[in-house]
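J.: Provide a 3D model corresponding to the input given below.
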Amino acid sequence: MGKQDFLDKLRASLSGNVSARLVEDNVAYYADYINAQLRMGQPEEKVLSGLGDPRLIAKSIITANSGEEYTKSNETSHYSDYRQEKYYTEPREQKLPKMVRVNGWITLAIIILVLVLLVGAVFSLISLFFPLIMMGGIVYFFIKVFRDWLN
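T.: Below you'll find the predicted structure:
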């Protein structure tokens, strides 16, 4: 069953049991809901199966409105009240980060590259401080030799 079939069955089940305005309000509400879910990327089949049977929905609406007079003297409809209240918000499109799948060999190549860069950085630091360490070692050697010569 598609969206239009769902709405047609809902309309047919409500017609004659509640006022025409209430029929149109509820059909418009469910059309709006389905469209909002579709805009959010939900598959139509999933949205419609989540709503259930339109005849059961119609039965609930009829039961909820039994004995209540729904006339044209009402300035606004239930649906438009719902839309104007703070309860209804248009669904916003969610911006999710895209997941990037990386093959195993690319991951391995990246890990090896990072390790090579780390080893290179360590050897660069050692080569930077090596002359200072050597000079310190030579000075220490001469001080030790000079002390031993004086004693």
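J.: and the longest helix seen in the chain, average pLDDT?
T.: With secondary structure taken from DSSP state H, the chain has its longest helix at helix 104-150. The average pLDDT for helix 104-150 rounds to 91.
J.: what packs against it?
T.: For helix 104-150, not one helix or strand is in contact under the criterion 3 or more CB pairs under 8 Å, 6 or more residues apart in numbering; DSSP states H and E. C-beta coordinates here come from the backbone N, C-alpha and C atoms, glycine included.
J.: which residues touch whichever strand or helix holds residue 5?
T.: Using DSSP states H and E, residue 5 sits in helix 3-14. By CB atoms under 8 Å, 6 or more residues apart in numbering, the surrounding residues in contact with helix 3-14 are 1, 22-23, 26-27, 30-31, 34, 38, 44, 48, 51, 54-55, 57-59, 61-62.
J.: of those residues, which belong to helices?
T.: 22-23, 26-27, 30-31, 34, 38, 44, 48, 51, 54-55, 57-59, 61-62.
J.: stretch 8-15 - what's its average pLDDT?
T.: 90.
J.: coming back round to it: so what's the gap between the longest helix of the chain and the chain middle?
T.: 49 Å (CA atoms, centre = their mean, to the nearest Å).
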